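Visitor: Pasting a predicted model and its sequence here:
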Amino acid sequence: MSDALARARSHFLQGVERFEQGRLDDAAQAFEAALALAPGRPSVLSNLGLTRFHQGRFEDAAAHLRAAAQADPNEPSTWVALARCLGQLGEPAEALDALTRALALDKGIAEAWSLRGNLLREARRLPEAAQCFERALALGADPELHRYFLAAVTGGEAPDRPPRAYVETLFDDYADSFQQHLVASLRYQGPQRLVQLLQGQGAARFDAALDLGCGTGLCGALLRPCCGSLTGVDLSERMITQARASGHYDTLQHADVVEALDSAPQCFDLVIAADVFIYVGRLESVFEGVAKVLRPGGWLAFTVERAPDEHDVLLLPSLRHAHSAPYLSRLAQAHGLQLRVLQEAPIREDQGQPVPGWYVLMQVG
């Protein structure tokens, strides 16, 4: 082995070690040093691509992974990594092609079947998606998660709540682009409309408010001027980091909404949940917690996607839940809340189409 190749191998091994330690910038630097000494090595290209993927630099990642696949088209893991990257870049057709290449080389890759299933689900090719999820399950993929995926595309029996790890990972990955994507791309107006509805009911000032699923702070920006104290809760730690940077909140908690309600150290005169319950499922436990923390005369304000009256809760192919008006009315009655407003209006857009929903205000007593 030449001196240059030996040094390239040393840099490569350093990169692998640093990647495993989570030192992504250092790992990328080591892989780039290895490539400078030994250009075109597919193992280095693929590892650099994977590092860039985890840094959120998806275009760079795709370029390196394409180069790796061209250099060694017979490595299925490179095609799978490229498919993940292309999915993030909004190139589903190319991602499906990459997965086809991976599965032609090795039909036993559970991750490839899972990724393929989700791409087909998003394309509304639901029977094909179901077959992919079944293959992933048979190959040992996470059973809780993939049964949840299957229920979404088959209309089968869904769990009361989605897998916690799925929701947490979804929003950790989404945190950096969340606000721009939700407002600019999906035309999301939930927080503004809820605050306007509250004001229309004469609820314009709150001593203490709780923002469930606070995300990056969209509700917080609107509530801060009219709250004595404002608490935010989110399941995603990266969302909490963004909310803290916004400066809107007095207190922030990294927790599930039910956990946060059960452990709340104080009571509130507003609990708001904008576009949150769609990722919760059945709401009995949430309403039990809300009933404990709301003061007399306090308000619960939230949005949900609209389900037909004959269903309480539906798990949709989007992996979000929809809730019906009769179900919400029964929950209010069972937990001592008066239904003040039930307004039908779009929640956001999905693939250019308005998503029908409910804007809901309930009050204690």
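Guide: Now that the structure is in, tell me what you want to look at.
Visitor: how about the closest residue to L24 other than its chain neighbours, phi and psi?
Guide: The shortest distance from L24 to any non-neighbouring residue, by C-beta to C-beta, 6 or more residues apart in numbering, is to Q55 (5.2 Å). To be clear about C-beta, it is placed using only N, CA and C from the backbone, and glycine gets the same treatment. When read as degrees, to the nearest 10, the backbone of Q55 gives phi -80, psi -10.
Visitor: quick one: pLDDT of Q55?
Guide: Q55 carries a pLDDT value of 90.
Visitor: could you measure it against G217, distance?
Guide: Applying C-beta to C-beta, to the nearest Å, the value for Q55 to G217 is 24 Å.
Visitor: Show me which of those two is the more surrounded one.
Guide: Legend: neighbour count by other C-beta atoms under 10 Å for Q55 and G217, higher for G217 (27 against 14).
Visitor: now that one: how far from V195?
Guide: G217 is 14 Å from V195, where distance means C-beta to C-beta.
Visitor: Check which helix or strand T303 maps to.
Guide: Per DSSP states H and E, T303 falls inside strand 294-306.
Visitor: All the helices of the stretch 51-200 of the chain, residue numbers only.
Guide: Taking DSSP state H, counting those that start in this stretch as the test, the helices found in the stretch 51-200 of the chain are 58-71, 76-88, 92-105, 110-122, 126-138, 143-154, 164-174, 178-180, 190-200.
Visitor: Quickly compare the ones you listed and say which is most buried.
Guide: Most buried of these, by mean neighbour count (mean count of other C-beta atoms under 10 Å): helix 76-88, with a mean of 24.
Visitor: which secondary structure elements does that helix contact?
Guide: Helices and strands touching helix 76-88, by 3 or more C-beta pairs under 8 Å, 6 or more residues apart in numbering; DSSP states H and E, are helix 42-54, helix 58-71, helix 92-105, helix 110-122.
Visitor: Can you name the residues that contact N47?
Guide: The neighbours of N47, taking C-beta atoms under 8 Å, 6 or more residues apart in numbering as the test, are F12, G15, V16, F19, A27, F31.
Visitor: Now flag whichever of those residues is closest to L315.
Guide: Closest to L315 out of the contacts of N47 is F19 (35.9 Å), distances taken as C-beta to C-beta.
Visitor: Does anything pack onto the helix or strand harbouring that closest one? Which helices or strands?
Guide: Assigned by DSSP H and E, F19 falls within helix 3-20. Judged by 3+ C-beta pairs under 8 Å, 6+ apart, helix 3-20 is in contact with helix 24-37, helix 42-54.
Visitor: any idea how far the last one is from the chain center?
Guide: The reference is to helix 42-54. On the basis of C-alpha atoms, centre = their mean, to the nearest Å, helix 42-54 sits 24 Å off its chain's mean C-alpha point.
Visitor: Name the residues of it that are buried.
Guide: P42, S43, V44, L45, S46, N47, L48, G49, L50, T51, R52, F53 (16 or more other C-beta atoms under 10 Å).
Visitor: which residues does the residue nearest to the spatial centre of the chain contact?
Guide: Central residue of the chain (C-alpha atoms, centre = their mean): L170, 2.7 Å from the mean position. Residues in contact with L170, defined by C-beta under 8 Å, 6+ apart, are S236, Y279.
Visitor: Read off the pLDDT value for it.
Guide: 78.
Visitor: how many other residues sit next to L13?
Guide: Neighbour count for L13, taken as other C-beta under 10 Å: 12.
Visitor: Would you mind measuring from it to F19?
Guide: In terms of C-beta to C-beta, L13 sits 11 Å off from F19.
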